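*Asks:* One predicted model, sequence on top.
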Amino acid sequence: MTESATSAAHSSVTTVDVLIVGAGFSGICMGIKLLEAGMKSFLIIEKSCEIGGTWWDNRYPGCACDIPSHLYSFSFAPSTEWTRMYPGQQEIHDYLKRCVERYGLAPYLRLNTRFQEAIWDESEGAWNVTVGDGMQIRARVVVSGMGALHVPRYPELPGLKRFSGRTFHSSAWDYKVDLDGKNVAVVGTGASAIQFVPQIAPRIGQLHLFQRTPPWIVPRLDFAISEKWKQRFRRVPLTRWAFRQYIFWRQEIRVLGFLGNETFRKKVEAVALRHMGRRIKDPKLRAALTPKYQLGCKRVLVSDDYYPTLNRSNVELVTEGIAEVRAHSIVTRDGVERPIDVLIYGTGFRATEPLIGCRVVGKGGVEIHDAWGKRMTAYLGVTVNGFPNFFILLGPNTGLGHNSVVLMIEAQVRYTMNCLKLMKRKKQRVLEVRPQIQQSFVEEIYRRMSGTVWQSGGCRSWYQDQNTGEITTLWPGSVISYLHHMRSVSPSDYQLSS
């Protein structure tokens, strides 16, 4: 492997050994591990003007993580400076910036550079990549760190083009819009909405919260981490490690309820219902907020201030569907018209549509979306037959509904690094997963998915492919089981060539 990224003065093509797309947790982790292995011929491209991925894109009021801070961080780069049990967006973003600085990643970053297209050159055994500014990159290996939660999903609302007020999605929060005293409609009651609604409700005139399906919500139990505990973590690293282990196993056990343990699931449902009952006294409102599906079928949310916000006199929960949007109002199917100045979407992301807005063309000129057809698949969520030297971090069926996804990222980066080392050891330039290996893995995934709450819990969710209804986003098991699958690379799973 070459030792440095080169860009010849007479050529517009930048040549690297590894191109990483995205500078969120996945891309930063991959870059760090390449440097640690002495592999310096790589480049990280990022479409935004800052690193951070979803933790830069999402800067809405109250944006925070629903996994404790000491677990939502790299195991190899722990921090003793977390200020809260559940970190906010700014604190997570600051943590990632410190990681970039600590490991010297800045020279390998290119911001404001949107990935557009990658075409596999079979004769050269390399990818020809085009990015937004016209820059051409040739890379032997491409690693996608784009993730699934970065392309906003917008609902199709009749008459929306007639609306004369301001509209924006929570992931592109418009701080230029003055909400004070305004009539605001929020469409969606998912993970983002339950965080920003309590933040904006005290300032606005009237808030109309449009709910399609009520979420299960459990107590957040957030608290500040005292200076005393920070000092303990600094002085005795074993204490910090033990705290992380405690959080991990506390989160990991929750998967039992999702995998079919009805007793455990019903206990958590009881916790959620008590949480709501203590804060919502109005029987009619409580009924509207009570889910009719099993806990875990949709993403389980954590909040201490969402339910109290719904008791405010200037907040209305609307469960009727939207019939049409007019110039200054929204009309629901029961004929009620509500005046609206600002419309905010809290409708999540297109999580089951990976690599949206870009093309990846593999062997034989086949584009990856065509190769996937109706269902996106990847061996171990990382490699795809027909697309040599292409690795996906947080790919199909590797998301989690119960634990820290950073753990999955680290496992996938280790696996990818082992693939690169395997090629170097065998003195081969090209690695491609065998089709039967990928197919066997996919069949195993869907066997394990049957019987889980995600597949049979009685709801529609963003976990499911919108066309087939199959779960294409989540890992059907514990983190421990995934780590077991990812512990090593089997050479027989792959075709190696020069």
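*Replies:* Received it, and whenever you're ready, just let me know what you need.

*Asks:* where do the helices sit along the stretch 351-498 of the chain?
*Replies:* Using DSSP state H, counting those that start in this stretch, the helices found in the stretch 351-498 of the chain span residues 368-372, 405-426, 435-449, 453-456, 479-485.

*Asks:* nearest to Lys182, of those?
*Replies:* helix 405-426 (35.4 Å; CB to CB). (Each C-beta comes from the backbone N, C-alpha and C, glycine too.)

*Asks:* what about dumping the CA coordinates of the closest one to PDB?
*Replies:* C-alpha atoms of helix 405-426 as PDB (Å, rounded to 0.1, in the frame of the first residue of the first chain):
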ATOM      1  CA  VAL A 405     -24.800   1.700  17.800                       C
ATOM      2  CA  VAL A 406     -21.200   2.800  18.300                       C
ATOM      3  CA  LEU A 407     -20.500  -0.800  19.500                       C
ATOM      4  CA  MET A 408     -21.700  -2.000  16.100                       C
ATOM      5  CA  ILE A 409     -19.500   0.600  14.300                       C
ATOM      6  CA  GLU A 410     -16.400  -0.500  16.100                       C
ATOM      7  CA  ALA A 411     -17.100  -4.200  15.300                       C
ATOM      8  CA  GLN A 412     -17.600  -3.400  11.600                       C
ATOM      9  CA  VAL A 413     -14.500  -1.200  11.400                       C
ATOM     10  CA  ARG A 414     -12.400  -4.000  13.000                       C
ATOM     11  CA  TYR A 415     -13.900  -6.500  10.500                       C
ATOM     12  CA  THR A 416     -13.100  -4.100   7.600                       C
ATOM     13  CA  MET A 417      -9.600  -3.600   8.800                       C
ATOM     14  CA  ASN A 418      -9.200  -7.400   9.000                       C
ATOM     15  CA  CYS A 419     -10.300  -7.700   5.400                       C
ATOM     16  CA  LEU A 420      -7.700  -5.100   4.300                       C
ATOM     17  CA  LYS A 421      -5.000  -7.000   6.300                       C
ATOM     18  CA  LEU A 422      -6.200 -10.300   4.700                       C
ATOM     19  CA  MET A 423      -5.700  -8.800   1.200                       C
ATOM     20  CA  LYS A 424      -2.200  -7.500   2.100                       C
ATOM     21  CA  ARG A 425      -1.200 -10.800   3.700                       C
ATOM     22  CA  LYS A 426      -2.400 -12.800   0.600                       C
END
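
*Asks:* Gly335: neighbour count?
*Replies:* When neighbours are counted by other CB atoms under 10 Å, Gly335 registers 8.

*Asks:* still on that earlier bit, so can I have CSV of the helices of the stretch 351-498 of the chain showing distance to Tyr307, mean pLDDT and mean neighbour count?
*Replies:* CSV is the format used below for the helices of the stretch 351-498 of the chain (distance: least, CB to CB, whole Å; pLDDT from 0 to 100; neighbours: other CB atoms under 10 Å):
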stretch, distance to Tyr307, mean pLDDT, mean neighbour count
helix 368-372, 40, 94, 16
helix 405-426, 26, 98, 19
helix 435-449, 32, 95, 15
helix 453-456, 23, 90, 19
helix 479-485, 30, 97, 15
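
*Asks:* Using JSON lines, lay out those together with distance to Thr239.
*Replies:* Converted to JSON lines, the helices of the stretch 351-498 of the chain look like this (distance: least, CB to CB, whole Å):
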{"stretch": "helix 368-372", "distance to Thr239": "46"}
{"stretch": "helix 405-426", "distance to Thr239": "20"}
{"stretch": "helix 435-449", "distance to Thr239": "37"}
{"stretch": "helix 453-456", "distance to Thr239": "35"}
{"stretch": "helix 479-485", "distance to Thr239": "22"}
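
*Asks:* Nearest to Phe233, out of these?
*Replies:* Closest among the helices of the stretch 351-498 of the chain, once you apply CB to CB, is helix 405-426, at 18.2 Å.

*Asks:* name the helices or strands packed onto that closest one?
*Replies:* Helix 405-426 is packed against helix 25-36, strand 390-392, strand 430-433, helix 479-485, strand 494-497, with contacts defined by 3 or more CB pairs under 8 Å, 6 or more residues apart in numbering; DSSP states H and E.

*Asks:* any idea of the angle the first one forms with helix 405-426?
*Replies:* Computed by axes from the mean of the first three to the mean of the last three CA atoms, to 10 degrees, the angle separating helix 25-36 from helix 405-426 equals 40 degrees.

*Asks:* Kindly list the main-chain dihedrals of the residue most central in space within the chain?
*Replies:* In the chain, the C-alpha nearest the mean C-alpha coordinate belongs to Leu149, at 4.2 Å (CA atoms, centre = their mean). Phi and psi for Leu149, reported as degrees, to the nearest 10, are phi -110, psi 60.

*Asks:* dump the residue contacts of it.
*Replies:* For Leu149, the contact set (CB atoms under 8 Å, 6 or more residues apart in numbering) comprises Thr54, Gly348, Phe349, Ala351.

*Asks:* Please name the bridge partners of the third one.
*Replies:* Listed beta-bridge partners, Phe349: Pro152 (assigned using DSSP bridges).

*Asks:* which residues does it contact?
*Replies:* Listed by CB under 8 Å, 6+ apart, the contact set of Phe349 reads Ala148, Leu149, His150, Val151, Pro152, Arg153, Ser171, Trp462.

*Asks:* Can you tell me which of the residues you listed comes closest to Gly188?
*Replies:* Taking CB to CB as the measure, Gly188 lies nearest Arg153 of the contacts of Phe349, at 9.1 Å.
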